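J.: Generate a structure from the sequence data that follows.
(4 chains)
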2 protein chains.
Amino acid sequence: MDKLNPNGKIFTELVLEIFRLNGRLLEAGDRLTQPVGLSSARWQILGVVEHGPITVSQVARVMGLTRQSVQQTANSMEKDGLIEFLDNPLHRRSKLMTLTSVGRKSLDYTQEQHAVWANRIGREHSLECLRAAVEVLRQVSKSLEHDTPLPADTAELDTDTTDTTDTHHERV
Amino acid sequence: MDKLNPNGKIFTELVLEIFRLNGRLLEAGDRLTQPVGLSSARWQILGVVEHGPITVSQVARVMGLTRQSVQQTANSMEKDGLIEFLDNPLHRRSKLMTLTSVGRKSLDYTQEQHAVWANRIGREHSLECLRAAVEVLRQVSKSLEHDTPLPADTAELDTDTTDTTDTHHERV
DNA sequence: GCAATATTGACAAGAACCTGTCAAAATGGA
DNA sequence: TCCATTTTGACAGGTTCTTGTCAATATTGC
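T.: From the prediction side, this is the model:
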């Protein structure tokens, strides 16, 4: 087909499988969270906020998303009374998110449902297999993290792209 | 923390790692495809269309997305001259997508870039590890596929949800 | 054949991401 | 202290994917 060597080929299969799995997992997550007005995205943020007051930017860094994306979801969760913004003694603009009692209750319910679901799926697979898979994915994740954007030759398109000045990616 | 048993716990870690990896892969994919006016989403569809004329619905089923989502992306790709809709002798409404020469060229370029990238990342991991991971992910995917939406007790919220009439999920 | 059912394209609205920009606020170095 | 840089919230606009609906078309069972 193309210039894929064996490793590249199986890595590509891994990528496709991750896309497919990601879809299925979001679907399952939405089903899990929807009874209490959450969603996969909201749940993930609440799961971080749960561990103590934290700012939007910090959550974005932890989750590997952009600041703006987390801000949007956080704002809509505040509107829905799931979280509150507390004044931050260390920063006037950057407020601290905390769970409200409603948010706490929603998260509790979701985590309970999640445990049932995760145990049910988890028991269909061996501990060693799951552990091995996690380990590989972590290593792959690290590879991607270290992989530099420019692979040396950008070839003849858009010749003035050679500046590389990197005007503030918001993403970490 | 909660009622997660060992399998449930490691499965949960797997889930989180998949989310993180999915984000990184989309990022890499967009970087790969952007020079020729593609994106990860468009690329994936073209990769299916490449193997022969196929309808929107069929592609949606293959990719695990909704019909409407693929239709939207396909329509915008047609506007951009990457694909064409041919009359389908077997179905008056459901046209067949095919690559135009522009689409062909864009896909060729992307696949070439992809091969370089996949080989570069792939060589940082052993064949056995990658293969094992793919295998586990496939099994997990199957587990999720077979996992039925209703886990017996929906508990006391929204009592009239007991109908289960399942008004046409568009998703397979 | 014909009627119930399923599939399909089109359209609408919304969720969850992204990039880019601006001004306010914080930080760090001279 | 003061000025350049960085961080942050707010806002705008775009992409991808979702759910839900409608009417047109296919398919299936009788």
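J.: Give the phi and psi angles for residue A:39, as a check.
T.: phi -160, psi 170 (degrees, to the nearest 10).
J.: so how far is DNA strand C from residue A:34?
T.: Residue A:34 sits at a distance of 10 Å from DNA strand C (criterion: CB to the nearest atom of the strand, to the nearest Å). Where you see a C-beta, it was placed from the backbone N, CA and C, and this is true even at glycine.
J.: actually residue A:116, not the one I typed
T.: On the measure of CB to the nearest atom of the strand, residue A:116 and DNA strand C end up 21 Å apart.
J.: Please apply the same query to residue A:22.
T.: In terms of CB to the nearest atom of the strand, residue A:22 sits 11 Å off from DNA strand C.
J.: Residues in contact with the helix or strand hosting residue A:116: which ones?
T.: If you go by DSSP states H and E, residue A:116 is part of helix A:101-122. For helix A:101-122, contacts defined as CB atoms under 8 Å, 6 or more residues apart in numbering or on different chains pick out A:28, A:32-33, A:35-38, A:43, A:46-47, A:49-50, A:77, A:81-83, A:99, A:130, B:2-5, B:7-12, B:15, B:140, B:143-144, B:147, B:151.
J.: same check, this time on stretch A:85-100
T.: Contacts for stretch A:85-100 (CB under 8 Å, 6+ apart): A:46, A:49-50, A:53-57, A:59, A:74, A:78, A:81-84, A:107.
J.: Name the member of the residues you listed with the most neighbours.
T.: residue A:82 (26 neighbours; other CB atoms under 10 Å in any protein chain shown).
J.: Give me the nearest residue to that residue, chain neighbours excluded.
T.: Distances taken as CB to CB, 6 or more residues apart in numbering or on different chains put residue A:103 closest to residue A:82, at 3.8 Å, once the chain neighbours are dropped.
J.: Can you give me the neighbour number for that neighbour?
T.: 25.
J.: Would you mind measuring from it to chain B?
T.: Remark: distance between residue A:103 and chain B (CB to the nearest CB, to the nearest Å) = 16 Å.
J.: same question, residue A:93
T.: With CB to the nearest CB as the criterion, residue A:93 and chain B are 26 Å apart.
J.: Helix, strand or coil: sort out that residue for me.
T.: Following DSSP: H, G, I helix; E, B strand; the rest coil, residue A:93 is assigned to strand.
J.: Likewise for the one 4 residues further on?
T.: For residue A:97, the reduced secondary structure class is strand; criterion used: three-state DSSP.
J.: Tell me the bridge partners for it.
T.: residue A:54, residue A:85 (DSSP bridges).
J.: rounded to a whole number, what's the mean pLDDT of the helix holding residue A:116?
T.: Here helix A:101-122 scores 95 as its mean pLDDT.
J.: what are the ranges of the strands in chain A?
T.: A:83-88, A:91-99 (DSSP state E).
J.: Let me know the angle separating the last one from helix A:101-122.
T.: In this structure, strand A:91-99 runs at an angle of 60 degrees to helix A:101-122, with axes from the mean of the first three to the mean of the last three CA atoms, to 10 degrees as the basis.
J.: Same question for the first one.
T.: Orientation check (the same axes, to 10 degrees): strand A:83-88 against helix A:101-122 gives 120 degrees.
J.: what's the spacing between strand A:83-88 and its chain's center?
T.: Centroid separation for strand A:83-88 versus its chain: 22 Å, with CA atoms, centre = their mean, to the nearest Å.
J.: swap in stretch A:125-143?
T.: So, by CA atoms, centre = their mean, the centroid of stretch A:125-143 is 17 Å from its chain's centroid.
J.: Give me the mean pLDDT for that stretch.
T.: 95.
J.: buried sites along stretch A:6-22?
T.: Across stretch A:6-22, burial judged by 16 or more other CB atoms under 10 Å in any protein chain shown covers A:7-15, A:17-22.
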